[in-house]
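# no sequence on this one, just coordinates:
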């Protein structure tokens with residue numbers, strides 16, 4: 001696997017220059033950028049000119065990761081040439097009233113099934129139910145095919161996210177990359193590190209990812225009561241206080257991020273499903289546990305990929321983690337690099353949702369407020 005990277009900054013342009021030392025035969029260009037930059041036709045055209053054979057896939061972000069750095073208001077481009085892995089690409093538009101399950105199933109149908117090993121997906125972050133998208137993908141993919149990826153972001157504004165696919169960046173779009181063949185190997189890990197507080201409450205009324213009542217009372221009113229002075233800044237302040245769901249007998253809560261509130265209906269819309277009958281509890285940040293959580297995800301990822309060494313690592317972390325960690329945000333990135341090694345190439349972004357199995361032997365699902373890591377490698381064809 002041959003990988004090279006570029007970063008665009010307002011005062012510096014592309015570093016390194018797009019005309020220097022590039023591999024124009026790259027098959028894939030993974031792009032992460034500030035929301036307004038992902039719609040900048042000039043920047044996309046420059047990338048297409050430099051890498052004419054590559055398919056462009058990317059997302060708007062709440063922060064861009066390249067190497068050990070986390071930046072804002074930049075665009076990163078990671079060019080990839082797989083030597084023994086076949087790639088296939090698919091895109092799916094979301095309508096105004098789109099069912100995310102159907103969109104995921106249609107996306108899966110557009111990917112070939114023979115020798116498919118892994119699917120990496122990037123989705124609009126505001127007009128999709130991430131849980132439904134995952135269910136739709138799983139319904140249309142062969143058993144044993146793993147899925148990772150994330151939801152595009154718009155900083156902490158929650159106004160408009162965009163996905164880059166081929167020659168454009170726009171909202172209401174999902175893109176997927178299929179990786180094929182026995183020489184391709186993938187490892188992944190996902191972990192949070194948030195602390196629960198307050199009592200558990202039963203979800204008594206919800207529809208999909210919209211929560212109305214807990215313990216028979218307005219969920220929004222209960223949420224505001226616990227947030228106190230932070231309630232006036234909803235929904236953005238909800239990033240600091242996600243909701244943890246206790247699903248079945250699992251010891252690890254499934255965390256959900258708040259996307260929007262509706263004062264008229266007294267409802268709250270989350271990035272993924274909030275099923276009726278589960279128990280929910282508010283969560284808050286613990287700096288050290290957030291950083292340790294990223295390292296834990298890296299250890300899980302490394303174990304899953306062994307005996308192969310990662311060549312490309314994509315980190316997708318939640319915008320809520322970035323808002324909490326602030327100037328310490330690069331500590332979670334560096335913690336991942338310390339475990340997976342300095343030789344790999346690193347990229348990633350801060351998101352509105354992360355897609356991965358909770359464990360290497362479990363089914364894929366949507367997460368919020370986690371560090372989710374995907375590590376890619378190719379063998380020499382003789383393993």
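Alright, I've got the coordinates. Note that the structure is predicted; figures quoted are calculated from it, not measured.
# Identify the bridge partners of the residue nearest the centre of the chain.
Central residue of the chain (C-alpha atoms, centre = their mean): residue 150, 2.1 Å from the mean position. In this entry, residue 150 is beta-bridged to residue 122, residue 354, by DSSP bridges.
# my read: it touches residue 366, true?
No: with contacts counted by C-beta atoms under 8 Å, residue 150 stays clear of residue 366, the gap being 9.4 Å. All C-beta atoms are positioned from the backbone trio N, CA, C, and that covers glycine.
# shared neighbours, those two?
353-355 (C-beta atoms under 8 Å, 6 or more residues apart in numbering).
# got a winner among those for most neighbours?
residue 353 (32 neighbours; other C-beta atoms under 10 Å).
# In contact with the nearest residue to that one once chain neighbours are set aside, which residues?
Sequence neighbours aside, residue 151 is the residue nearest to residue 353 in space, at 3.7 Å (criterion: C-beta to C-beta, 6 or more residues apart in numbering). Applying C-beta under 8 Å, 6+ apart to residue 151 gives the contacts 59, 122-125, 128, 130, 161, 271, 351-355.
# Buried ones in stretch 163-182, by neighbour count?
163-165, 169, 171-181 (16 or more other C-beta atoms under 10 Å).
# Widest-spaced pair of these?
171 and 181 (33.2 Å; C-beta to C-beta).
# Flag the shaky bits of the stretch 1-150 of the chain, pLDDT-wise.
97-98 (pLDDT under 70).
# can you pull out the helices in it?
Along the stretch 1-150 of the chain, counting by DSSP state H, counting those that start in this stretch, helices occupy 41-50, 100-109, 130-140.
# Check those for me and report the most buried one.
helix 130-140 (a mean of 23; mean count of other C-beta atoms under 10 Å).
# Name the residues that touch that one?
99-109, 119, 121, 123, 147, 151, 174, 176, 208-209, 271-273, 353, 355, 363-366.
# Okay, angle between that helix and helix 100-109 too, please.
Helix 130-140 runs at 40 degrees relative to helix 100-109, counting by axes from the mean of the first three to the mean of the last three C-alpha atoms, to 10 degrees.
# OK, contacts around residue 6?
14-16, 18, 76-77, 79.
# what about the strands in the stretch 1-150 of the chain?
When secondary structure is read from DSSP state E, counting those that start in this stretch, the stretch 1-150 of the chain shows strands at 2-9, 13-15, 28-33, 55-60, 64-66, 69-71, 75-81, 86-93, 116-123, 146-151.
# Residue 46: which of those strands is closest?
Taking these one by one with C-beta to C-beta, strand 13-15 is closest: 7.1 Å.
# who's in contact with that closest one?
So strand 13-15 is contacted by 6-9, 46 (C-beta under 8 Å, 6+ apart).
# Make TSV from those and add distance to residue 263 to it.
Converted to TSV, these look like this (distance: C-beta to C-beta, whole Å):
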residue	distance to residue 263
6	44
7	41
8	40
9	40
46	44
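# What is the nearest of those to residue 68?
Closest approach to residue 68 among the contacts of strand 13-15 (C-beta to C-beta): residue 7, at 12.8 Å.
# I figured that closest one hits residue 66, correct?
Yes: counting by C-beta under 8 Å, residue 7 touches residue 66, with 5.6 Å between them.
# list residues touching both of these two?
Common neighbours of residue 7 and residue 66 (C-beta under 8 Å, 6+ apart) are 74, 76.
# Excluding chain neighbours, give the residue nearest to residue 147 in space.
Nearest to residue 147 is residue 364, by C-beta to C-beta, 6+ apart, at 4.3 Å.
# Isn't residue 205 up against residue 212?
Yes: Residue 205 lies in contact with residue 212 (C-beta under 8 Å); the separation is 4.1 Å.
# Those two - which one has more neighbours?
residue 212 (20 against 16).
# Tell me the secondary structure at the more buried one.
strand (DSSP: H, G, I helix; E, B strand; the rest coil).
# how close does it get to residue 130?
19 Å (C-beta to C-beta, to the nearest Å).
# cool, and residue 166?
23 Å.
# Got the confidence number for the nearest residue to residue 318 once chain neighbours are set aside?
Nearest-residue entry for residue 318: residue 369, 4.5 Å, with adjacent residues in sequence omitted and distances by C-beta to C-beta, 6+ apart. Residue 369 is assigned a predicted lDDT (pLDDT) of 86.
# separation between residue 369 and residue 120?
21 Å.
# Quick check on those two: which one has the bigger neighbour count.
Per other C-beta under 10 Å, whichever of residue 369 and residue 120 has more neighbours is residue 369, with 28 against 23.
# can you list the weak-confidence ranges in the stretch 201-350 of the chain?
249-251.
# ok, now with 90
226-230, 233-242, 246-260, 270-272, 283-290, 320, 323-327 (pLDDT under 90).
# all helices of it, in order?
219-227, 287-305, 319-325, 329-340.
# ok so, going back, can you tell me the SS state at the residue nearest to residue 318?
coil.
# Look up phi and psi at it.
phi 60, psi 30 (degrees, to the nearest 10).
# In contact with residue 320, which residues are there?
So residue 320 contacts 239-240, 242, 257, 368-369 (C-beta under 8 Å, 6+ apart).
# Between all of these, which two are separated the most?
240 and 368 (12.4 Å).
# one step back: right, and the helices of the stretch 201-350 of the chain - which one's nearest residue 94?
helix 319-325 (20.5 Å).
# that older thread, distance check, the residue nearest to the centre of the chain against residue 258.
17 Å.
# same deal with residue 110?
32 Å.
# With residue 24 instead?
Going from residue 24 to residue 258 by C-beta to C-beta gives 44 Å.
# Compute the number of surrounding residues for residue 269.
Neighbours around residue 269, by other C-beta under 10 Å: 17.
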